[in-house]
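S.K.: The sequence isn't on hand, but the structure is:
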């Protein structure tokens, strides 16, 4: 059983509260997802994020195949982190941790995704050809979209 990990960090010139306000609103996920993925929230995004929340989406991740994806917010600490886990969808396992911490001049957002593909050896063969490049593309898009929304982070060194 092969479990893969995607680990991304991004710095933005905003406050922790601004980052949390944006990231903890499930409706904003559409704003940072590539249009060609046909991302559409079906239910569960009608209130601020909370542990136990079930969110249902339709998405077209690869090869034009529409897929229903159901996630649950399993852990949440306001202004710090939350975890979403797939309950139904394209992965055998999807465990996505989102962390926010203050840094000089803004925040660092960290995503750690542990995932497993279905179909045994076929899934493992598809990983480097389809899945890994698609996830990389999605998170690169997300990074650029967040920079367009909030500005590019510039490291500050105030040693006065």
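M.R.: Alright, I've got the coordinates. Keep in mind that this is a model prediction, so the values were computed, not measured. Numbers count the residues shown, from 1 in each chain.
S.K.: Just the buried positions in the least confident helix or strand in the chain by mean pLDDT, please.
M.R.: Ranked by mean pLDDT, DSSP states H and E, the helix or strand of the chain with the weakest confidence is helix 120-126, at a mean of 91. Residues of helix 120-126 classed as buried under the neighbour-count rule (16 or more other C-beta atoms under 10 Å) are residue 123. In this view, the C-beta of every residue, glycine as well, is placed from N, C-alpha and C.
S.K.: Show me what the lengthiest helix in the chain is packed against.
M.R.: Counting residues, the longest helix found in the chain (DSSP state H) is helix 132-150. Counting by 3 or more C-beta pairs under 8 Å, 6 or more residues apart in numbering; DSSP states H and E, the packing neighbours recorded for helix 132-150 are strand 4-12, helix 16-23, strand 106-116.
S.K.: Strand 106-116 and that helix, what's the angle between them?
M.R.: Going by axes from the mean of the first three to the mean of the last three C-alpha atoms, to 10 degrees, helix 132-150 is angled at 160 degrees with respect to strand 106-116.
S.K.: Can you name the residues in contact with helix 132-150?
M.R.: 4, 6, 8, 10, 12-14, 18, 22, 31-34, 37, 61-62, 109, 111, 113 (C-beta atoms under 8 Å, 6 or more residues apart in numbering).
S.K.: which of these count as buried?
M.R.: Among the contacts of helix 132-150, those classed as buried by neighbour count (16+ other C-beta under 10 Å) are 4, 6, 10, 12, 14, 22, 32-33, 37, 61, 109, 111, 113.
S.K.: Return the item of the residues you listed having minimum pLDDT.
M.R.: Least confident of those in the model: residue 61, at 80.
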